[in-house]
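S.K.: Model the following, please.
(one chain, ligands or ions: 1)
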Amino acid sequence: MSEAASQSALSNLLHETRRFDPPADLAANAIATKATYDEASSDRLAFWEKQAKRLTWAKPWDQVLDWSNAPFSKWFVGGQINAAVNCLDRHVEAGHGDKVAYHWEGEPGDTRTITYADLTKMVCQAANALTEIGVQAGDRVMIYMPMIPETVVAMLACARLGAPHSVVFGGFSAEALAGRTLDCDAKLIITADGGYRRGAPSALKPAVDQACKECPQVEHVLVVRRTGQDVEWNEGRDLWWHDVVEKQSTTHEAQAFDAEQPLYIMYTSGTTAKPKGILHTTGGYLTGVSATHKMVFDLHEDTDVYWCAADIGWVTGHSYIVYGPLANLTTSVMYEGTPDTPARDRWWSMVDKYKVSILYTAPTTIRTFMKWGEEFPAQHEMSSLRLLGSVGEPINPEAWMWYRRVIGHDRCPIVDTWWQTETGMIMITPLPGVTSTKPGAAMTAFPGVSADVVDNDGKPVGNGEGGYMVITEPWPAMLRGIWGDDERYRQTYWSRFDGLYFAGDGAKKDEDGDYWLLGRVDDVMNISGHRISTTEVEHAIVGHPKVAEAAVVGASDPTTGQAIVAFVTVKGNVPDDESQGHAFADELRAHVAKEIGPIAKPRDILITPDLPKTRSGKIMRRLLRDVAEHRQLGDTTTLLDPGVVSSIAEKMPAGAAEE
Ligand code: WTA
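M.R.: Numbering: from 1, shown residues only. Here you go, the predicted structure:
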């Protein structure tokens, strides 16, 4: 197949003709309209200034943006603000104390209803307790918790004191916790005895004890009792939350901090083994997350019930469970456990119970639901839903359509939101009252965000062409750097293209100029000189009616440079003998050839019961590449189930790379 023919086959796949217009009733009452785009494009900084004014400032700013020390930005220079006051006190003072902030549900079925007044008191008590323990503005505090209300309380208490928190996802190991605690030199770790997952208590405290052995600077460990399981106790160092927090006064005078006061550090993996501590500050971040949360989810705080089903241990939880929603006086649902406990309809029963109107989740979860089958959502009405969101990875059109039809009953618009830990806020997304959406496309830059897709030389590509996703102007919630490593910040994000933020994602502009995110550029394959995205091949494979999920990697190949290797899970029964497996693999190859072109046919297809995933649900393609290339497996410590990858490795045809 010629280069031109394969290019045209690729663009056919992205030549999506389906369009879904905003529902008329939503458009009629939408928070963001066409005029919002016009306003932002006529004066970007004035637009952000207007968004910042939705918050309550103790002192107004003198300058919206200082970019004189690029790539280090300062927003709302000279302004003073307290993030916790903006999420809590100001709402209570305005008479909304009785409004529910969180309908919280534990996995075993225990529930708590927490109003804005309740949450304010809890945060004041925790802030008083942290002060008593010796936490001061600027001190770093680690948070290693299950999905319980105290996690939010701990974060906001830190924010209230100007002490940046660093939340480490509860599924991470002691090793990972220790590395992060050392990197930011935290003296306090807030944790719990454990949490509930898949029907049983799982412990957290032992990992903290182990991490502390490597972190002599940790003075105290503050422990919430959640499960009641036995914990080892280090007298003098360990403190029970119920002893030191609950005796405190429920009032606390908050101090306002500089707009650029560090708010949190979120560690995320980069291309090297050492995770990067992404630094976010206060005023710009809160402006960015509250504006995007309000407009992207069309949040009407009086009537909506919003559920972001992420874990607070990830940036999505920070921006869209905690800071954005609370700043916007949202009523949220928060759930502790997994979607299959006690049964595979847990989420849908909660949607009905709390009358959830907005649901925000990840494609990997949607594909899991697809695999489980339509009968589970079908047991519930789900008539309260009016808007669905997706985040975390490219959503394949099949999953998008399934989400829309089976969960959204063909009624709810889908917002596919592209962003990163580093961007802090949603960057590329439809606006639900404005955008006519296409299944699989994140569509356009949020108002006030300047983005582009550029080629190898940093020049904007034309419509119908692919390249690298970049952000061309600073934005308020952007990372302010990598904790303790300015040089790595410059190198990672600002050295690839002069003056442009390099996101590390491949993207395409379609014929209309709308953006399609194609996955990390390190996932782009080069087969016989043809550039093919792993995502495009995955889209094709997942389009086969029998396939549940697929991960595609480029493995080095002596003839073609790279060869495509696909790992596939199927719906229903796995082909149970070798000849059936081969026949099905051939059927899939033919299917890919039909969808994209023979150039995109995988060399190897492995049918496997499961794919290796991180605890946040991302498929670990790096490990699959190791498998495909018969290499020693790399670091598997961040995997949900490290056993999955070794069982796949056993099945990989020997010497395939030499064929
Ligand atoms: C990917 C999560 C396509 C992307 C908020 C990005 C997406 C990385 C999307 C950041 C999307 C996130 N479409 N890809 N809608 N959303 N990504 O830091 O590769 O955990 O660079 O932030 O996820 O992941 P992170």
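S.K.: Sticking with the most far-flung residue of the chain relative to its centre, tell me its helix or strand.
M.R.: Most distant from the centre of the chain: S579, at 40.2 Å, with distances by Cα atoms, centre = their mean. Using DSSP states H and E, the element containing S579 is helix 578-595.
S.K.: next one: T569
M.R.: According to DSSP H and E, T569 maps onto strand 561-570.
S.K.: list the buried ones in that strand?
M.R.: Across strand 561-570, burial judged by 16 or more other Cβ atoms under 10 Å covers 562-570. In this view, the C-beta of every residue, glycine as well, is placed from N, C-alpha and C.
S.K.: Report the inter-axis angle for it versus helix 578-595.
M.R.: Between the axes of strand 561-570 and helix 578-595, defined by axes from the mean of the first three to the mean of the last three Cα atoms, to 10 degrees, the angle is 120 degrees.
S.K.: Does strand 561-570 pack against any helices or strands, and if so which?
M.R.: Packing partners of strand 561-570 (3 or more Cβ pairs under 8 Å, 6 or more residues apart in numbering; DSSP states H and E): strand 524-527, helix 534-542, strand 547-557, helix 578-595, strand 604-607, helix 621-628.
S.K.: N86 looks like it's in a strand, true?
M.R.: No - under DSSP: H, G, I helix; E, B strand; the rest coil, N86 sits outside any strand and is assigned helix.
S.K.: how about it, what does it touch?
M.R.: Contact analysis of N86 by Cβ atoms under 8 Å, 6 or more residues apart in numbering lists 55-56, 286, 327.
S.K.: Need these in CSV (columns: neighbour count).
M.R.: As requested, these are exported to CSV (neighbours: other Cβ atoms under 10 Å):
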residue, neighbour count
L55, 21
T56, 16
L286, 33
A327, 24
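S.K.: Specify which member of the residues you listed is nearest to M295.
M.R.: Using Cβ to Cβ, A327 comes nearest to M295 of the contacts of N86, at 13.1 Å.
S.K.: The closest one contacts L286, doesn't it?
M.R.: Yes - when contacts are counted by Cβ atoms under 8 Å, A327 is listed as touching L286 (5.9 Å).
S.K.: shared neighbours of the two, which are they?
M.R.: With Cβ under 8 Å, 6+ apart as the test, A327 and L286 both reach 55, 86.
S.K.: for the stretch 1-150 of the chain, what spans make up the helices?
M.R.: Per DSSP state H, counting those that start in this stretch, the stretch 1-150 of the chain carries helices over the ranges 3-13, 24-28, 34-42, 44-52, 83-87, 89-91, 116-133, 149-161.
S.K.: Residues contacting the shortest one, please?
M.R.: To tie it back to what came earlier, the one meant is helix 89-91. For helix 89-91, contacts defined as Cβ under 8 Å, 6+ apart pick out 56, 97, 99, 116, 120, 254, 329.
S.K.: Tell me, how many residues neighbour the second one?
M.R.: What that stands for is G97. Residues lying near G97 (other Cβ atoms under 10 Å) number 17.
S.K.: now it, nearest residue through space, not along the chain?
M.R.: Using Cβ to Cβ, 6 or more residues apart in numbering and skipping the chain neighbours, the partner closest in space to G97 is A117 (3.3 Å).
S.K.: Next: the first one.
M.R.: When the adjacent residues along the chain are set aside, T56 lies closest to R90, with 4.7 Å between them (Cβ to Cβ, 6+ apart).
S.K.: What's the local residue count around the one you found?
M.R.: Counted with other Cβ under 10 Å, R90 comes out at 17.
S.K.: do A451 as well
M.R.: A451 has 21 neighbours, counted by other Cβ under 10 Å.
S.K.: Quick check: it touching T429?
M.R.: No - using Cβ under 8 Å, A451 is not in contact with T429; the gap is 10.9 Å.
S.K.: which residues do those two both contact?
M.R.: Residues touching both A451 and T429 by Cβ under 8 Å, 6+ apart: none at all.
S.K.: before we move on, back to that, contact partners for the residue farthest from the centre of the chain?
M.R.: Contact criterion Cβ under 8 Å, 6+ apart gives no residues in contact with S579.
S.K.: Same check on the one 4 residues further on?
M.R.: With contacts taken as Cβ under 8 Å, 6+ apart, A583 has the following neighbours: P575.
S.K.: Just the pLDDT for it.
M.R.: Turning to A583, the model gives it a pLDDT of 91.
S.K.: Quick check: the gap between it and V542.
M.R.: A583 is 19 Å from V542, where distance means Cβ to Cβ, to the nearest Å.
S.K.: And for the residue of the stretch 501-650 of the chain found nearest the ligand, the neighbour number?
M.R.: Across the stretch 501-650 of the chain, the shortest distance to the ligand (Cβ to the nearest ligand atom) belongs to L517, at 3.5 Å. Per other Cβ under 10 Å, the neighbour tally for L517 reads 23.
S.K.: So it belongs to a strand, correct?
M.R.: Yes - L517: assigned to a strand according to three-state DSSP.
S.K.: just for the chain, where's the confidence low?
M.R.: 1-15, 269-274, 522-524, 526, 528-532, 561, 576, 654-659 (pLDDT under 70).
S.K.: Show me which residues of it sit near the ligand.
M.R.: Contact residues (Cβ under 6 Å from any ligand atom) of the chain with the ligand: 268, 314-316, 391-394, 416-421, 442, 503-505, 517, 519-520.
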